[in-house]
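J.: next come a sequence and a model predicted from it.
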Amino acid sequence: MPCPDSVTTPSSRREEGERDPKRPRGEASPAPPSPSSSSSLQIRMEARFMQGRRPKQEDRHVLISDISTLVEGQEKADVEALGCTPKALVALFDGHCGATCSEFCAAQLPSRLVSYLVKPLPKSKRMQLANPPAARDAATASSGAAPSSPAALPSRASETSCLLTKLPSALSASAVCPFALPSAALDGLFPSLGPRLVSAFKHVDREFLAKYRTLKVGGCTAVACLMLGDFAVVASVGDSRAVAGLLKRKRREALRVSRDHKPNLPEERERIEANGGQVIEVGGVARVAPRGFQERAKQIKMEQCLHGGTSKPPPVLMAVSRGFGDKELKEENLITATPDVFGLHVTEDVRLLLIACDGVWDVMTDQEAVEVAGTHLDDPREAASQVVKRAFERGSQDNLTVVAVVFSHEERD
């Protein structure tokens, strides 16, 4: 898969303006005229990949410099009305048991994300966002941890929580971003932003499962990042990962912007076991096992001993608890396509965003990847390439794909 050329896009800083009181929260208000600004954000995006020690390359990636090109008509106009630049998208899909799912998601998810980003909310959801404060507070309490609470953030992120927030996965009229968003339109959109991306992920998953009804195994992880001005929205399922590289007092610092969905996480284990599945350890790795796994495994072993073989397919075990596809485990709700969604404020300290598959993270820490890529901020292609090379040299046994997004803030007259 050829690597797209690098892209450089200017971005205006925050635009002042109030949300349209006639437009319900959760929908974008018309963007006010852009005032002059003393600085701008520029992004350059590149991806590098290697088949590595696997027999086939099952990773796919997407780099899109202008998301308005993915939609038409009113949706295109609504994207432009968000009033922020750049409006870009990068995504990575790590397939397993073939590339069918990663190929499908790379083709379908980008346009679905953009469509759901500006899609009008149904009347019932608009009314939900218009609830009085008491009802809103109750709804927020029932949805889990507050968006910016340290418990809801990836590891080590609480130290820099002023840059990172976890978006609620359900509508929340009381959701407020802890940092300034780049436009009034995004302020209005914020309460529904998480649910919109969740809906897009689930839509694509349903489409895949419907199209490939006979495919019992096969799926992919995903990390998708929407760049909306200096607001990066990262949605992910599985163990592919997004990591920001900060430069503070001439020292590089890694900030994780996603969460690895492993079966042994307490909340993941609880969901799996509540639906009749189990989490077992195979070779030191926690895996999702379906209902009746032990019985099926015993039957297969007995048939192999008695008859020298078996016609029964082996039970499916997965090392991730969220992802696209994987029909057999999805039917039992043991694996879900519901993403975690995080928002990153791209300040002048944030110089880099790395998105990579688990083939990289199996052999490199977040900090190591940021250190390697951070020495090549003048060339995002080389930054991505060096991380891939280092992971391979360290003995990674998987496909290797790295997407590097380099940020630069430049002064304007």
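T.: Done, it's in. Note that the coordinates shown come from a computational prediction; the quantities given were computed from them, not determined experimentally.
J.: state the distance from Ser174 to Ser199.
T.: Computed with CB to CB, to the nearest Å, the distance linking Ser174 and Ser199 is 20 Å. For glycine as for every other residue, the C-beta is placed from the backbone atoms N, C-alpha and C.
J.: hmm, I typed the wrong one, I wanted Phe407.
T.: Distance from Phe407 to Ser199, by CB to CB: 28 Å.
J.: same check, this time on Arg44
T.: Taking CB to CB as the measure, Arg44 falls 30 Å from Ser199.
J.: wait, Lys56 sits on Ser102?
T.: No: taking contacts as CB atoms under 8 Å, Lys56 lies outside contact range of Ser102: 11.1 Å.
J.: ok, those two, which is more surrounded?
T.: Neighbour totals were compared for Lys56 and Ser102, and Ser102 leads with 29 against 9 (other CB atoms under 10 Å).
J.: contact partners for the closest residue to the more buried one other than its chain neighbours?
T.: Once flanking residues are discounted, Ser102 sits nearest to Gly95: 3.3 Å by CB to CB, 6 or more residues apart in numbering. Gly95 makes contact with 58-60, 101-103, 218-220, according to CB atoms under 8 Å, 6 or more residues apart in numbering.
J.: let's verify Gly95: helix, strand, or coil?
T.: With DSSP: H, G, I helix; E, B strand; the rest coil as the basis, Gly95 sits in strand.
J.: beta partners for it?
T.: Bridge pairing for Gly95 (DSSP bridges) gives the partners Cys220.
J.: low-confidence ranges in the stretch 1-150 of the chain?
T.: Within the stretch 1-150 of the chain, the stretches with pLDDT under 70 are 1-39, 131-150.
J.: strands of that one, start to end?
T.: 39-50, 59-64, 87-96 (DSSP state E, counting those that start in this stretch).
J.: tilt between the longest one and strand 87-96?
T.: So that's strand 39-50. Relative orientation of strand 39-50 and strand 87-96, computed by axes from the mean of the first three to the mean of the last three CA atoms, to 10 degrees: 20 degrees.
J.: and the angle for strand 39-50 with strand 59-64?
T.: Counting by the same axes, to 10 degrees, strand 39-50 lies at 160 degrees to strand 59-64.
J.: ok, the last one next?
T.: In terms of direction (the same axes, to 10 degrees), strand 87-96 departs from strand 59-64 by 170 degrees.
J.: could you break this protein into its assigned domains?
T.: If you go by automatic domain parsing, the domain ranges for the chain are 39-261+336-411, 262-319.
J.: ok, which of these comes nearest Lys327?
T.: Lys327 sits nearest to domain 39-261+336-411 of all the domains of the chain, at 5.5 Å, using CB to CB.
J.: can you say which helix or strand has the residue of the chain most remote from its centre in it?
T.: Distance from the C-alpha centroid of the chain, by CA atoms, centre = their mean, peaks at Leu306 (47.1 Å). Using DSSP states H and E, Leu306 sits within helix 293-307.
J.: how close does Gln74 sit to Ala200?
T.: Distance, Gln74 to Ala200, by CB to CB: 18 Å.
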